[in-house]
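1. Give me a model of this one.
(chains A, B and C)
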Amino acid sequence: MQSDELKQKNLSASLFAQKSGHALVVLFLTIWALLVLFPFYWMLLTSLKSYSAYNAEYIPKFFTLSPTLQNYADAFTAVPLARYFINTVIFTVATTGIMLFVIIPAAFAFSRLQFRGKDLAFMLFLSLMMIPNELVVITNFQTITNWGMRNTFWGLILPSVTSVFYIYLLKENFEQIPEELYKAAKVDGTSDLKYLFKVMLPICRPTVITITILKIIECWNAYVWPRLITDDEAYFLVSNGIQEIRENGFGRENIPAMMAAVVVISIPLIVLFLIFHKKIMAGVSRGGTKG
Amino acid sequence: MKKNSLRPWLYLLPAIAFLGLFMVYPLVDVFVYSFEEGYNSASQTYFGTGFYNYSYVLHDPYFLQAVKNTFLIVMITVPVSTAFALMISLGLSSLKKLQELYQTIYFLPYVTNTLAVGLVFMILFKRTAYSEGLVNLLIRFFGGSSVDFIDGPYWAKMFVMCFYTVWVVLPFKILILTSALASVNQDYYRAARIDATPKWRIFFRITLPMISPMIFYLVITGFIGAFKAYSDEVALFGTDLNSAGMNTIVGYIYDMLYGNSGGYPSYASAAAILLFAIVLTITCINLLFSRKNVTV
Amino acid sequence: MKVVLQDLTKIYPSRTRKGEEVRAVDAFTFEIPDGKLVGLLGPSGCGKSTTLNLISGLEAPTKGKVFFGEDDVTALPPEKRGVGLVFQNYALYPHLTVRQNILFPLQNLRGKEKLTKQEMNTRAEEAAGLVQIDALMDRKPSELSGGQQQRVAIARALVKMPRILLMDEPLSNLDARLRLQTREEIRRIQRETGITTIFVTHDQEEAMSISDLIVVMKDGVVHQIGKPQSVYDEPVNLFVAKFLGTPGINLFTGRVQQETLLIGEEAVLPVKGCADGKVIVGIRPEGFIPSEHGCVSCHMERVEVMGRDTSVVSTHPCALNEVIRSIISAEDVPNAASGVIRFEIKPNKTYLFNPATEERIRFTGTEQGGET
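-> Predicted coordinates for the structure are as follows:
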């Protein structure tokens, strides 16, 4: 009887320990989630505060009762934010488009066609994955300069249109399509190109979409190469633009306007992420790294 | 078969052209540059060949400062971020309802422009004439004395640097570890529970060995990534990293190439090759270490 | 459309420099009569799939020729041969609906053969009707059962009205019940369309049950061609005898002495016209009759009753199989559960093979025996 009671007590005690342990875990995770979200909240909040209100707050308030869009107007008028934005869209679309045009045929050749030297060529391709960007950027800078392509879109785009990793990813995916589909298509008189567009690409659409999204993210956040290759504001991308705004724009201290600019350039990717977060996360966990 | 032997190469042509022009040729060229002494970009001439560029870089105080900064960042952020990511992933895997929501939130920094968010961090940590900044107010609230994290003492700048780096690299690590944890066969846990295995023992004897290949992968990529730290520094401290004393090796390379102190591709090449050598060495050490310790 | 294979040979170069080349198909000569259903039968790796690929044109022969009717198609690419091909795993395009899958081959037609949308749809409906999948036209392959997918694959192969229909292991991905059903279906479709059909299988029962002719292959060599029953009754060599029939043929070492067949020390059969010497004796399971005075004495292990069949499992010191299986009629079941059991054997179910060449040795034993 007594031992039964004791057991009961022990059981409820361990249940309690389990529950409170779980609560601690949730608390810890929630705190971190807030820490992740806080900078986003802060940029949005600050961007809605008026210049005078922001500077009047010695202790910053965590909310604002009189939100204003004036900062957004300033961001678009005082600095060429729209220009940066359009440049980045052009750069991103062109780079991603040309990249698909380059990698899809290559992946197709490696996965589907038989030819002499294929294995050797593929090995050489793979070994290029180990080359760090920092090692080649110096010569590329010289090449683009010599070609007179500084401060042009071509100069920005050309060095970023190939990715050995994406060729590899797509090739692996193409190879998972059963051999028989190709034979069936051949017997029915389908040409290689038609097979690629009518069968392989539709089947591998999820991978193509993932690659496209990852490349868009990479392009949108590109900083180092654009900084090297452009010094004319007319060709700045958003990353360089934000740096320019920080150092020279708005007379340095108009932080609410600065934050408005930051919100504007962050929104496209956040929207993209909210729509495609499952695809993006699945794609990255399959082997992406921070661009 | 034979008549088609050129066609596959046609498919490969765009890729080969771009890779050859912007990866293979530069790779050869960077070595050539690094040995050409006194190269002049304008006239494209040089005096002679030798190790002078390396010697110059190795004696440049800015480079030494950059190496010190880079190593500090690597040695602090890689272990901290990996361990922290592991803790968060373990916590996440025990959640049911909130798991997906939290996972999505944690991943958010991955898709944001690090320069833009870096600006927010700068504002939070900066102390100006008008405002203490939110972080300093918190420190004061808890009884500490405020410090300028952006223009202040070295340790403070290094702290905010590492903090931001961890914030930026965590999403990727959490994602990888969460999926690694999810892929561990649940039967192992069931078997362990039936044998009344204590929790810590389950963690060290089952979970950790099972996900050790992924942890190891994260450590290697973490090292490589942290050695290339640059744009996060720019985000916090501005483009003139040398005067802030917060330059990194990659930053040094770019400064040598371009900007106020630029125009020295030979020095930049030498520094880039030194960086590559360091990363290669560390990666090899990692691989050797892992072969002994990682159970696959 | 008849199909003629003339000295058809396919040799794969060796993978390693010193390794031997592989003769996947060796000098295959055969004429497939118009409108027949032919089964290519053999163990895996015997070259039957390669033969099919040579006929379809997916692979080019090293030597020899392929004729469809009077046309030499050896040099034609697959799409110009007018063949329909059905695969083991169906090879349906997963992103297309059933209708789009069936239409796919028609959309490739160009020039004179090009069809209007209307004609294509009619043809697709007809093909779907033939294999009875009209109701499933707008589903995706993943929403169909294995049997239904197989029908779609057949419809896709038939829709362009091929001269020859080829099927590579069409039934192996189906479960046992569906397999029976589908093979009747294939038989029916082939009869209705009258298209010369060649299918590949490793399952002898499948081949025997629906083919007009079977071709037994091993290691790239054709061993025997004939009507299923006659190949079963008159195997030309040990391999064919072993490969056909379930349960398999029982094998013994024996010898011929003065035109009498001996297994161990027991005289079993008179074998006229056989030279003295060692032989391998093959006896079909249905060739045994339990009898008090039988001439083969075995040690009985157990009796198995499976549905209609009753089989006796026994052992014999000269047997090459581990156990001897004999299928007997229910009234002959022995009383004893163990001990010695004696059998008479039927001469027309008994075959002798040369132990060195494994070729059949013909004999005339009684009036029933051995006519070809």
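
2. so where's chain C uncertain?
-> C:15-19, C:335-338, C:365-372 (pLDDT under 70).

3. helices and strands around the helix or strand harbouring residue C:119, which ones?
-> Assessed by DSSP states H and E, residue C:119 sits inside helix C:117-130. Judged by 3 or more CB pairs under 8 Å, 6 or more residues apart in numbering or on different chains; DSSP states H and E, helix C:117-130 is in contact with helix C:98-107, helix C:146-158, helix C:176-193. From N, CA and C alone the C-beta is placed, and that goes for glycine too.

4. So for residue B:192, which of these sits nearest?
-> helix C:146-158 (38.9 Å; CB to CB).

5. mind exporting the closest one as PDB, just the C-alpha atoms?
-> This file holds the C-alpha atoms of helix C:146-158, laid out as PDB (Å, rounded to 0.1, in the frame of the first residue of the first chain):
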ATOM      1  CA  GLY C 146       0.200  -1.500 -61.400                       C
ATOM      2  CA  GLY C 147      -2.200  -3.400 -63.700                       C
ATOM      3  CA  GLN C 148      -3.800  -0.200 -64.900                       C
ATOM      4  CA  GLN C 149      -0.400   1.400 -65.500                       C
ATOM      5  CA  GLN C 150       0.600  -1.600 -67.600                       C
ATOM      6  CA  ARG C 151      -2.500  -1.200 -69.700                       C
ATOM      7  CA  VAL C 152      -1.700   2.500 -70.300                       C
ATOM      8  CA  ALA C 153       1.800   1.500 -71.400                       C
ATOM      9  CA  ILE C 154       0.300  -1.000 -73.800                       C
ATOM     10  CA  ALA C 155      -2.100   1.500 -75.200                       C
ATOM     11  CA  ARG C 156       0.800   4.000 -75.700                       C
ATOM     12  CA  ALA C 157       2.700   1.400 -77.600                       C
ATOM     13  CA  LEU C 158      -0.300   0.500 -79.700                       C
END
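
6. After it, which helix or strand is next? Please name it.
-> Note on helix C:146-158: by DSSP H and E, the next helix or strand toward the C-terminus is strand C:164-168.

7. Name the residues that touch that next one?
-> If you take CB atoms under 8 Å, 6 or more residues apart in numbering or on different chains as the criterion, strand C:164-168 is touched by C:1, C:3, C:49, C:52, C:55-56, C:68, C:81-88, C:154, C:157-158, C:186, C:190, C:193, C:195-200.

8. Which of those residues fall in helices?
-> In this view, those that belong to helices under DSSP state H are C:49, C:52, C:55, C:56, C:81, C:154, C:157, C:158, C:186, C:190, C:193.

9. buried residues in stretch A:192-200?
-> Neighbour-count burial for stretch A:192-200 flags A:192, A:195, A:196, A:198, A:199, A:200 (criterion: 16 or more other CB atoms under 10 Å in any protein chain shown).

10. In a helix, residue C:255, correct?
-> No - Residue C:255 is assigned strand when assessed by DSSP: H, G, I helix; E, B strand; the rest coil, not a helix.

11. any low-confidence regions in chain A?
-> A:1-15, A:17, A:249-252, A:287-291.

12. one more time with 80
-> The model of chain A has pLDDT under 80 over residues A:1-21, A:55-66, A:130, A:248-253, A:286-291.

13. and the buried residues of stretch A:192-200 near chain C, which?
-> A:198, A:199 (CB under 8 Å from any CB of the partner chain).

14. coming back round to it: distance from the chain centre to the helix holding residue C:119, please.
-> 33 Å (CA atoms, centre = their mean, to the nearest Å).

15. Give me the contact list for it.
-> C:98-99, C:102-103, C:106-107, C:115, C:134, C:137, C:155-156, C:158-159, C:161, C:189, C:192-193.

16. What residues does residue B:242 make contact with?
-> Neighbouring residues of residue B:242 by CB under 8 Å, 6+ apart: B:62, B:65, B:252, B:255, B:261.

17. secondary structure element for the fourth one?
-> Here residue B:255 sits within helix B:249-257, counting by DSSP H and E.

18. And the helix or strand just after that helix, what does it pack against?
-> Counting by DSSP H and E, the next helix or strand C-terminal to helix B:249-257 is helix B:265-293. Applying 3+ CB pairs under 8 Å, 6+ apart, we find helix B:265-293 packed against helix A:133-146, helix B:25-35, helix B:52-59, helix B:208-227, helix B:249-257.

19. what mean pLDDT does helix B:265-293 have?
-> Average pLDDT, helix B:265-293: 86.

20. For burial, what's the neighbour tally of the residue in chain A that chain C sits nearest to?
-> Going by CB to the nearest CB, chain C is nearest to residue A:189 of chain A, at 2.9 Å. Look at residue A:189: counted by other CB atoms under 10 Å in any protein chain shown, it has 20 neighbours.
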